[in-house]
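Enquirer: Mind folding the following:
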Amino acid sequence: MAIADQIAEFVAETTFDDIPKETVSFVKHLSSKIIAAMLTGSTTLAGVKTADYVKSKKGPEEVGVIGGGFRCQLEDAVFVNGMTSHAAELEDDQFPSATSDITVFPVIFPMAEKLGLTGREIITASALGLEIMNRVGMFPLSFKGYTDLPFYGVIGAAITAGKALKLNPEQLKRAMGIAMGRASGFIVNFGTDAHYIESAGACKEGLLASLFAQKDMTGNPDIEKWLLDLYSGHEHEMDTQRIVQGLGSSDWRVHEIWVKKYPCCFLTHRHIDMMFDILAEHKISYEDIEGVEIDVGPVDYTCNRPQPKDAEDARFSFQHIMAALMLDGDIDSHHFTDEKLSDNRFQDAWPKVSVTNHPGWPAEFMSGVARITVSLINGEKIVKEREQALGGPQFPLAQDQFKDLYSKYTRKVLTTKDMEDTWQIISNLEKVENLQEFLDKIDFPGK
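Expert: Numbers count the residues shown, from 1 in each chain. Here you go, the predicted model:
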């Protein structure tokens, strides 16, 4: 049986009760993270510009936009949500191919409003979208300069939307075929608004793929050929049968997702964790540090940006991120502003940070074992290595840590009461039949 046939049957037949309890819990936690991302992302310049564009169209007011405070057509709401979730730089990704939950949750919540979905239906569609996306997207495309996140994300969006629409297996295959033709995304766009537009586009195109499939429009779901063509030129052969190995067993690939804790490029997070540890363990200050050396692979080296051009570029700059940690002992959204970029303290700190590229490491995201060397004024050198960041599959976050992240990234948008109320709803999502009150709280914060 072809891969698309197996996927389509699995998606169509799987119910909430088929999903392992630990997967249900993890999907709820991920949804809380991305709701927080969309809320805080709605305040970013990229988020505001996107919302302004959609509002200027004066289209049908079908569903609310998370954090937007307005209603618009379904596909536009999905696009804005996709934009804000990424503009916050808080997406959670599978590695070494960076498939992400920001092409799933921005799609399902507006659909939940339009279709009147229950909490169980949201969890089921989201879990399936994440699972299939992670399986199809387990093969890194970064060696070709492609960004896996939107490239594979359009399939995750299509599966999520298709399950919400209750498509049958034949329609799901058509949706996958249509979605594959809309795949796009390039590493060269890191640090620009185009990077966010790519993933927002994946959300919208995946939704449209399923809506077109619902109307019996056709597409070729030959996933094997699509992937083999994409992977041509790679040093290793691709075994596409891995996509369906164990499909439907208790071992869901959803759990391969790493949870992002800081609002900047994920490729810097292993080093951020190590720098936090060094600062805490050795009680050192900015004045004690002579230099910081970062060791990375060829793809992660894209975050070697000694003089970031603007706030978005700074989110992809090891130099700026390490400067924030050295100077403030923290990293948060307020560090990625024009004010910080023009701050003499930060500009003086950037040259302290050097980045060494290891071209022999795999040409994929998060390759090799990350290393950081902090040289002190007194001549001492502190070296740390880390393969996974905290929040990766080897170091999963607990529920209270997810709640801390939800609070941290919603506190500027939601009232304390609404933050607590919405957190409780997300935590018990499978028990919620009518989500309109919840959606109103996150779509129209403060109202």
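Enquirer: The residue lying closest to Glu113 once chain neighbours are set aside bridge partners, please.
Expert: Excluding its sequence neighbours, the residue lying closest to Glu113 (Cβ to Cβ, 6 or more residues apart in numbering) is Val63, at 4.4 Å. Using the backbone N, CA and C atoms, a C-beta is placed for each residue, glycine as well. Beta-bridge partners for Val63, by DSSP bridges, are Cys72.
Enquirer: For the helix or strand containing Glu420, which residues meet the burial criterion?
Expert: Per DSSP states H and E, Glu420 falls inside helix 416-427. Across helix 416-427, burial judged by 16 or more other Cβ atoms under 10 Å covers 418-419, 422-423, 425-427.
Enquirer: And for that helix, what's in contact with it?
Expert: Outside helix 416-427, the residues that touch it by Cβ atoms under 8 Å, 6 or more residues apart in numbering are 28, 31-32, 35, 399, 403, 406-407, 410-411, 414, 432, 435, 438, 441-442, 445-446.
Enquirer: Run the chain-centre distance for whichever helix or strand Ile278 is part of.
Expert: Element membership of Ile278 [criterion: DSSP H and E] is helix 269-282. Centroid separation for helix 269-282 versus its chain: 23 Å, with Cα atoms, centre = their mean, to the nearest Å.
Enquirer: same thing with stretch 291-308?
Expert: On Cα atoms, centre = their mean, the centre of stretch 291-308 falls 21 Å from that of its chain.
Enquirer: so how far does it reach from one end to the other?
Expert: End-to-end distance for stretch 291-308: 18 Å, by Cα to Cα, to the nearest Å.
Enquirer: same question for it, mean pLDDT?
Expert: The predicted model assigns stretch 291-308 a mean pLDDT of 97.
Enquirer: got it, and stretch 80-94?
Expert: Mean predicted confidence for stretch 80-94 is 97.
Enquirer: oh, and call the first residue 47 from now on, that's how I've got it
Expert: Okay, residue one is now 47; in that scheme the one you just asked about reads as stretch 126-140.
Enquirer: Tell me the gap between it and the middle of its chain.
Expert: Mean C-alpha position of stretch 126-140 versus that of the full chain (Cα atoms, centre = their mean) differs by 5 Å.
Enquirer: Using the three-state scheme, assign Glu336.
Expert: strand (DSSP: H, G, I helix; E, B strand; the rest coil).
Enquirer: in this structure, which spans are strands?
Expert: Here the chain has its strands, by DSSP state E, at 109-110, 117-118, 139-140, 303-304, 335-342, 399-403, 416-422, 427-432.
Enquirer: These: which one's closest to Gly231?
Expert: When the strands of the chain are compared by Cβ to Cβ, strand 139-140 sits nearest Gly231, at 12.9 Å.
Enquirer: where exactly do the helices run in the stretch 197-346 of the chain?
Expert: 215-226, 239-260, 269-277, 315-328 (DSSP state H, counting those that start in this stretch).
Enquirer: in this protein, which helix or strand is least confident?
Expert: helix 269-277 (a mean of 90; mean pLDDT, DSSP states H and E).
Enquirer: Okay, angle between that one and helix 215-226 too, please.
Expert: 10 degrees (axes from the mean of the first three to the mean of the last three Cα atoms, to 10 degrees).
Enquirer: Packing partners of helix 269-277?
Expert: Contact partners of helix 269-277 among helices and strands, from 3 or more Cβ pairs under 8 Å, 6 or more residues apart in numbering; DSSP states H and E: helix 49-59, helix 215-226.
Enquirer: With distance to Ser88 added, can I get those in JSON lines?
Expert: Shown next, in JSON lines, are those (distance: least, Cβ to Cβ, whole Å):
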{"stretch": "helix 49-59", "distance to Ser88": "31"}
{"stretch": "helix 215-226", "distance to Ser88": "26"}
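Enquirer: Dump these into JSON lines; add mean pLDDT and distance to Glu339 as well.
Expert: Below are the helices and strands packed on helix 269-277 laid out as JSON lines (pLDDT from 0 to 100; distance: least, Cβ to Cβ, whole Å):
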{"stretch": "helix 49-59", "mean pLDDT": "98", "distance to Glu339": "44"}
{"stretch": "helix 215-226", "mean pLDDT": "98", "distance to Glu339": "42"}
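Enquirer: out of those, deepest packed?
Expert: helix 215-226 (a mean of 25; mean count of other Cβ atoms under 10 Å).
Enquirer: Output that one as CSV - backbone C-alpha positions only.
Expert: Taking Å, rounded to 0.1, in the frame of the first residue of the first chain, the C-alpha atoms of helix 215-226 are listed here in CSV:
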residue,chain,number,x,y,z
PRO,A,215,-9.4,8.9,2.9
GLU,A,216,-9.6,9.8,-0.8
GLN,A,217,-10.1,13.5,0.0
LEU,A,218,-7.2,13.4,2.4
LYS,A,219,-4.9,12.1,-0.3
ARG,A,220,-6.1,14.8,-2.6
ALA,A,221,-5.4,17.4,0.1
MET,A,222,-1.9,16.1,0.6
GLY,A,223,-1.2,16.2,-3.1
ILE,A,224,-2.4,19.8,-3.4
ALA,A,225,-0.5,20.8,-0.3
MET,A,226,2.8,19.3,-1.6
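Enquirer: Which residues does it contact?
Expert: 50-51, 53-55, 57-58, 200-201, 203-205, 207-208, 213, 251-252, 254-256, 258-260, 262-269, 272.
Enquirer: just the angle between that helix and helix 49-59, please?
Expert: 120 degrees.
Enquirer: how distant is helix 215-226 from the center of its chain?
Expert: 23 Å.
Enquirer: Likewise for stretch 400-416?
Expert: Computed by Cα atoms, centre = their mean, the chain-centroid distance of stretch 400-416 equals 21 Å.
Enquirer: Number of residues surrounding the residue lying closest to Glu251 once chain neighbours are set aside?
Expert: In this structure, Glu251 finds its nearest non-sequential neighbour in Arg228, 3.9 Å apart by Cβ to Cβ, 6+ apart. Neighbourhood size, Arg228 [other Cβ atoms under 10 Å]: 20.
Enquirer: OK, contacts around Gly87?
Expert: 93, 113, 129-134, 136.
Enquirer: try 6 Å this time
Expert: 93, 130-131, 133-134 (Cβ atoms under 6 Å, 6 or more residues apart in numbering).
Enquirer: any low-confidence regions in this structure?
Expert: The model of the chain has pLDDT under 70 over residues 281.
Enquirer: run the last query once more with 90
Expert: The chain contains residues with pLDDT under 90 at 47, 142-144, 186, 188-190, 274-285, 294-297, 409-410, 492-493.
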